[in-house]
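A.B. asks: pasting a predicted model and its sequence here:
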Amino acid sequence: MSDRRDPAVYTIPPHRAFADALVAGILAQHGKDPMALARGIILLPNNRAVQAISDAFVRKADAGLLMPRLVPIGDPELDDRTGPALDPLEEAPLPPAIEPLRRQLIFARLLGEAVRMDAAEAMRLAAELGRVLDQLLVEERTLHDLKTIDLPEGLSDHWDQALHLLTQILSRWPAELEKRGAIDLADRRNRLLHRVADRWAREAPPGFVIAAGISTGAPAVARLLKTIARLPTGQVVLAGLDTHMPDAEWAAIGGEEGQPPMETHPQFHLRQMLDRMGVARAEVRVWRHGSDHDAAADRSRAISNALAPARFTDKWASLAASEKRLSGVYAMEVATPADEAQAIALAMREAISRPGTVALVTPDRALARRVSAHLARWGILADDSAGRPLSTTPPGMLLLALATAAVEGFAPVPLLALLKHPLVKSGPDRLAWLDGVRALDLVLRGPRPSARLDGITRFLDREDARTAAQRKLARDWWADVQPLLAPLEAAFASRAPLSDFLEALRAGLERLSGDAIWSGEAGRALADLFAKLQADADEGPAQVEPSSVPLLLRQLTDAATSRPARGGHPRVFIWGLLEAKLQSADVMILAGLNEGTWPALSRPDPWLAPAVRRALGLPSLERRIGLSAHDLAGALGAPQVLLSRARRDVGAPANASRFWLRLETMTGHLPEPPIRFDLLARALDASDKPPLRAARPDPAPPAELRPRRISVTDVDRLAADPYAYYAKAILRLSKLEDVDAEPGAAWKGTLIHDVLDQWAKQDDYAAGALVQRMRHALDGAAVHPVVRSLWLPRLVEAAQWVEGQVEDGRAKGRAPIASEASGEAACAGVVLHGRADRIDAGPDGLAIIDYKTGKPPSDTQVCEGFAFQLGLLGFIAEQGGFAGVKGRATGFEYWSFQRGKQKGFGGVFSPAGTKKGKIPPDEFVDQIVEKFKHAAAAWLTGDAPFVAKLQPDYAYGDYDQLMRLEEWQGRDA
């Protein structure tokens with residue numbers, strides 16, 4: 001070949017649309033001869049760039065053309081393969097590249113053999129180990145370099161241990177590869193690129209060769225680019241090399257004058273690549289060709305100044321206006337990510353009302369999905385081309401839900417999450433399936449039943465009058481559901497090979513959802529992941545604990561991506577940072593410009609300390625910040641640019657991106673867009689009228705709907721909050737407990753009442769029997785061990801106190817005569833009914849006792865008529881409403897099981913007495929009954945409205961949402 005003295009290296013500045021400018025130049029040089037164009041080769045960084053350049057050729061092909069070969073050189077970090085054009089048939093074939101997932105499984109097994117660890121943790125570390133190995137291979141570092149490195153002084157012990165383990169694993173790796181006849185993907189790319197460089201150095205290809213948009217400074221890539229730049233028909237075209245930067249700044253980026261290199265600068269990777277190519281920046285020429293999508297030329301100079309190294313930014317104060325002009329660049333700051341998504345969607349909708357294209361570029365995938373959903377409001381289909389993690393798609397979520405439910409023994413929360421998934425029984429039987437799930441949901445409210453599927457079956461077989469109808473429906477439905485889940489329960493009973501778990505999960509998914517689990521883009525992505533996992537599962541850890549499976553699958557589905565099929569609106573695009581490389585649009589919206597998002601936080605390396613990475617010549621963990629800055633610089637070159645950020649993220653205030661702050665500081669102020677999309681977004685779903693707040697509810701149903709029968713415990717509710725009573729007794733609405741709720745006060749109260757009743761009816765209040773029963777009260781209950789250890793001593797101490805109180809009463813001639821006695825009596829035209837926890841008979845008459853696990857009502861509450869229970873139970877007793885109980889009620893006591901002010905549990909409190917603030921015992925029943933008559937005459941036999949929160953101090957909050965309390969409380973007259 002003839003040797004060209006000056007390298008043919010060009011750059012397309014940021015203000016030009018890279019793909020269109022490149023294609024325009026190629027057509028100007030070679031377009032006159034269609035065959036010459038077809039013989040050409042264009043090397044591109046990855047498959048996404050191939051698509052961008054291909055689209056640009058299509059836009060320029062007025063009458064059709066024969067395109068040159070577009071060949072990706074591949075990117076190991078993206079799992080991109082090198083194009084087959086670089087691997088000709090006439091040369092000895094290279095071994096195939098090992099699949100990344102297969103390599104990860106092997107690494108996980110080797111790690112488990114070297115150090116005892118959980119399979120999920122081994123898979124996580126294996127993925128990070130693979131990244132380190134790829135970086136070593138890309139930089140052409142060997143295991144010998146790793147073993148002979150001079151470790152920096154003061155390195156922590158854990159870094160020494162990590163490096164030793166890394167060396168141990170990588171020492172075994174060549175034998176594993178040889179056994180399988182494969183090599184690493186990065187190693188194969190290096191070999192192919194070196195082959196091509198050697199072949200083209202000996203003999204130039206027949207057509208032109210252009211390397212375009214390649215920015216990695218890997219040695220193999222730099223050597224190939226150096227060869228291309230010196231071919232007679234070769235050219236290297238860079239994207240966004242800063243030709244405006246002063247020489248002092250350019251020198252500082254490389255780390256001259258004893259300073260470390262500035263790897264966070266957007267030009268560092270290009271500087272490194274030119275150095276390895278042996279090309280000075282002065283030898284790089286500007287690509288002469290442009291397109292109709294270019295911005296003003298001064299945009300590139302302003303971008304260069306805005307991204308100057310930090311110690312040179314003092315020049316901003318003296319820059320001429322033309323040096324920092326960003327005409328056509330606007331900034332939009334909104335309150336929340338939701339506001340940002342709405343405003344961006346409006347901006348994109350407005351942009352397509354004019355000729356041209358619009359693109360959203362953001363690394364925030366949640367924001368991208370929100371914008372896509374908002375655009376659908378106007379029938380604009382614009383899927384996020386960066387895709388979604390498989391774990392956030394319906395098929396991926398169903399897989400994780402199934403694994404989680406199996407590991408947790410089909411506990412209520414994961415079980416219901418699984419059964420309610422939209423892909424489960426998604427066919428014609430879906431409605432019947434949901435009826436059964438809802439019935440099961442209602443029955444499982446409250447503390448957790450016994451573990452596993454049989455525990456749920458036994459729980460459903462219990463009799464419970466409150467949920468009898470739901471239990472029957474749930475029981476009949478569950479009989480068909482349990483066989484679907486039983487094989488999975490058996491498979492997750494003990495540790496097993498990963499392949500066994502995968503097969504059980506695959507079969508379980510198909511039993512629950514049929515073919516729906518594998519349909520659509522996400523379903524096919526899951527099927528592909530499953531196929532690879534099942535094919536190579538035996539390469540991974542030999543035995544896996546069931547508890548590791550959900551986390552292991554979460555890691556794998558987080559790393560896998562489901563991308564939408566091509567299509568959608570032809571002028572609207574949503575790109576991630578990788579997808580936006582070499583792309584352009586007439587309007588570019590750069591969103592998510594907050595620290596931690598753009599740029600993203602550096603990803604920690606668990607294997608190599610930063611000092612070790614520097615010693616090996618590997619990229620620092622902060623280099624991605626520079627690459628993010630270069631992505632921003634390229635996107636800022638569009639004719640119209642809208643920058644966007646939210647002042648808050650989901651949970652806290654957000655800090656503006658360092659790039660945003662640089663642009664704001666250099667220009668003094670970034671202008672708002674001519675159309676205030678943030679204000680439009682706020683007004684889009686708002687009303688110009690004042691909010692229609694609900695009034696304080698006061699329903700007044702007709703007399704025939706008003707109850708003529710009332711529980712003594714509901715009288716308190718009726719007096720303090722008539723609306724709450726109306727909702728419970730007339731609307732028949734009741735508060736739902738949480739699913740799988742921790743045992744709380746109500747559960748504890750029911751438990752103690754049951755034990756006390758058994759002590760009364762089965763042991764006849766025998767001394768010591770209550771303590772013995774209380775010691776076993778929690779046996780078989782699904783109570784957390786911590787709760788059990790806290791409760792049990794208190795229950796036993798309370799039982800000892802109760803036994804002592806009963807014995808003291810007997811010594812004074814007072815004996816229990818009824819326990820958990822139900823009775824009723826007519827009063828004021830209605831029937832009162834209730835249950836007395838205990839009734840004692842003494843020399844002075846009957847004593848009504850109510851057990852309280854919580855705080856008993858105060859004397860004031862009783863006197864004011866908002867705690868009726870003891871008095872009304874006394875009235876029923878006096879009327880002979882309790883079987884076998886006769887006499888006048890003179891004692892009214894709350895037995896509290898809370899710890900008192902003095903040592904020990906328990907205390908007897910009575911609202912009846914001769915002291916000030918108490919009701920005299922002989923008047924207690926009469927006063928309470930008189931207050932009840934007023935309440936009954938108003939709301940039960942009368943026509944008074946059921947006003948909400950009549951006495952808020954004594955009202956409960958069960959129906960606050962139903963009465964829309966927040967809308968009227970404090971606003972009503």
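C.D. replies: Looks like it came in fine.
A.B. asks: list the contacts of the lowest-mean-pLDDT helix or strand in the chain.
C.D. replies: In the chain, no helix or strand scores lower on mean pLDDT, DSSP states H and E than strand 905-909, which sits at a mean of 83. Contact with strand 905-909 is made by 794, 797-798, 801-802, 805, 856, 893-900, as judged by Cβ atoms under 8 Å, 6 or more residues apart in numbering. C-beta here means a position set from N, CA and C on the backbone, and glycine is covered the same way.
A.B. asks: 10 Å instead, please
C.D. replies: 793-802, 804-805, 849-850, 852, 855-859, 892-901 (Cβ atoms under 10 Å, 6 or more residues apart in numbering).
A.B. asks: residues of that strand that come out buried?
C.D. replies: F905, G906, G907, F909 (16 or more other Cβ atoms under 10 Å).
A.B. asks: same check, this time on stretch 28-40
C.D. replies: Applying a neighbour-count criterion of 16+ other Cβ under 10 Å, the buried positions in stretch 28-40 are Q29, H30, A36, L37, R39, G40.
A.B. asks: closest to D145 out of these?
C.D. replies: G40 (38.5 Å; Cβ to Cβ).
A.B. asks: check contacts around that closest one.
C.D. replies: 26, 29-30, 66-70, 205-210, 233.
A.B. asks: same list (the buried residues of strand 905-909) but as JSON lines, adding distance to D779.
C.D. replies: Formatted as JSON lines, the buried residues of strand 905-909 follow (distance: Cβ to Cβ, whole Å):
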{"residue": "F905", "distance to D779": "21"}
{"residue": "G906", "distance to D779": "23"}
{"residue": "G907", "distance to D779": "28"}
{"residue": "F909", "distance to D779": "31"}
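A.B. asks: now stretch 229-237: buried residues?
C.D. replies: Buried-residue list, stretch 229-237, by 16+ other Cβ under 10 Å: A229, R230, L231, T233, G234, Q235, V236, V237.
A.B. asks: now stretch 354-374
C.D. replies: 357-372, 374.
A.B. asks: likewise for stretch 344-354?
C.D. replies: Buried residues in stretch 344-354 (16+ other Cβ under 10 Å): I344, A345, L346, A347, M348, R349, A351, I352.
A.B. asks: surely the third one and S644 touch.
C.D. replies: No - with contacts defined as Cβ atoms under 10 Å, L346 does not count as touching S644, sitting 11.5 Å away.
A.B. asks: hey, what's in contact with both of these two?
C.D. replies: F677, D678.
A.B. asks: check contacts around G290.
C.D. replies: I12, P13, H15, R16, A17, D20, A21, A24, G25, A297.
A.B. asks: now the buried members of these.
C.D. replies: Here, 16+ other Cβ under 10 Å leaves I12, P13, H15, R16, A17, D20, A21, A24, G25 buried among the contacts of G290.
A.B. asks: redo those residues as a markdown table? Include pLDDT.
C.D. replies: What follows is these, written out as a markdown table (pLDDT from 0 to 100):
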| residue | pLDDT |
| --- | --- |
| I12 | 96 |
| P13 | 95 |
| H15 | 94 |
| R16 | 94 |
| A17 | 93 |
| D20 | 93 |
| A21 | 95 |
| A24 | 94 |
| G25 | 95 |
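A.B. asks: tell me the one of those nearest A251?
C.D. replies: Distances from A251 to the buried ones among the contacts of G290, taken by Cβ to Cβ, are shortest for P13, at 21.0 Å.
A.B. asks: and the buried residues of stretch 229-237, which two are furthest apart?
C.D. replies: Of all pairs in those, the most separated under Cβ to Cβ is R230 and V237 at 14.9 Å.
A.B. asks: beta partners for S896?
C.D. replies: K852, G907 (DSSP bridges).
A.B. asks: tell me how many other residues crowd it.
C.D. replies: Residues contacting S896 under the criterion other Cβ atoms under 10 Å number 20.
A.B. asks: quick one: it and K852 touch, right?
C.D. replies: Yes - assessed by Cβ under 10 Å, S896 is found in contact with K852 at 4.7 Å.
A.B. asks: isn't R693 right up against E966?
C.D. replies: Yes - between R693 and E966 there is a contact under Cβ under 10 Å: 8.9 Å.
A.B. asks: find residues that contact each of the two.
C.D. replies: With contacts taken as Cβ under 10 Å, 6+ apart, not a single residue reaches both R693 and E966.
A.B. asks: return the member of the buried residues of stretch 344-354 nearest to L736.
C.D. replies: For these, the nearest to L736 is A345 (36.4 Å; Cβ to Cβ).
A.B. asks: list phi and psi for the closest one.
C.D. replies: Main-chain dihedrals, A345, degrees, to the nearest 10: phi -60, psi -40.
A.B. asks: which strand or helix spans the nearest residue to it once chain neighbours are set aside?
C.D. replies: Of all residues not flanking A345 in the chain, H374 sits nearest, at 3.4 Å (Cβ to Cβ, 6 or more residues apart in numbering). Remark: H374 resides in helix 365-375, with elements defined by DSSP states H and E.
A.B. asks: so which elements touch the helix or strand just after that helix?
C.D. replies: Helices and strands here follow DSSP H and E; after helix 365-375, the next one along the chain is strand 388-389. Here strand 388-389 touches helix 365-375, helix 520-536, helix 549-559, strand 561-562, going by 3 or more Cβ pairs under 10 Å, 6 or more residues apart in numbering; DSSP states H and E.
A.B. asks: please identify which of these is closest to H669.
C.D. replies: Nearest of the helices and strands packed on strand 388-389 to H669, taken as Cβ to Cβ: helix 365-375 at 24.5 Å.
A.B. asks: elements contacting the closest one?
C.D. replies: helix 337-351, strand 358-361, strand 388-389, strand 572-575.
A.B. asks: indicate which one of those is closest to D500.
C.D. replies: The nearest among the helices and strands packed on helix 365-375, by Cβ to Cβ, is strand 388-389 at 26.0 Å.
A.B. asks: how far is the closest one from where the chain is centred?
C.D. replies: 12 Å (Cα atoms, centre = their mean, to the nearest Å).
A.B. asks: so where is the protein shaky, pLDDT-wise?
C.D. replies: 1-5, 75-90, 257, 465-466, 780-784, 899-904, 972-973 (pLDDT under 70).
A.B. asks: report the central residue of it.
C.D. replies: Residue closest to the mean C-alpha point of the chain, counted by Cα atoms, centre = their mean, is T392 at 8.2 Å.
A.B. asks: how about this protein, which residue sits the furthest from its center?
C.D. replies: P843 (66.8 Å).
A.B. asks: what's the closest non-adjacent residue to it?
C.D. replies: G813 (5.1 Å).
A.B. asks: would that neighbour count as being in a helix?
C.D. replies: No - checked against DSSP: H, G, I helix; E, B strand; the rest coil, G813 lies outside a helix; its state is coil.
A.B. asks: how long is stretch 459-470 end to end?
C.D. replies: Using Cα to Cα, to the nearest Å, one end of stretch 459-470 lies 13 Å from the other.
A.B. asks: for it, give me every contacting residue.
C.D. replies: 412, 438-446, 448-450, 471-479, 734, 782.
A.B. asks: buried residues of it, list them for me.
C.D. replies: Neighbour counts over stretch 459-470 (16+ other Cβ under 10 Å) mark F459, L460, T467, Q470 as buried.
A.B. asks: would you format the residues you listed as CSV with distance to A729 included?
C.D. replies: Putting the buried residues of stretch 459-470 into CSV (distance: Cβ to Cβ, whole Å) gives the following:
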residue, distance to A729
F459, 29
L460, 28
T467, 18
Q470, 20
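A.B. asks: in helices, which of those appear?
C.D. replies: If you go by DSSP state H, those have F459, L460, Q470 in helices.
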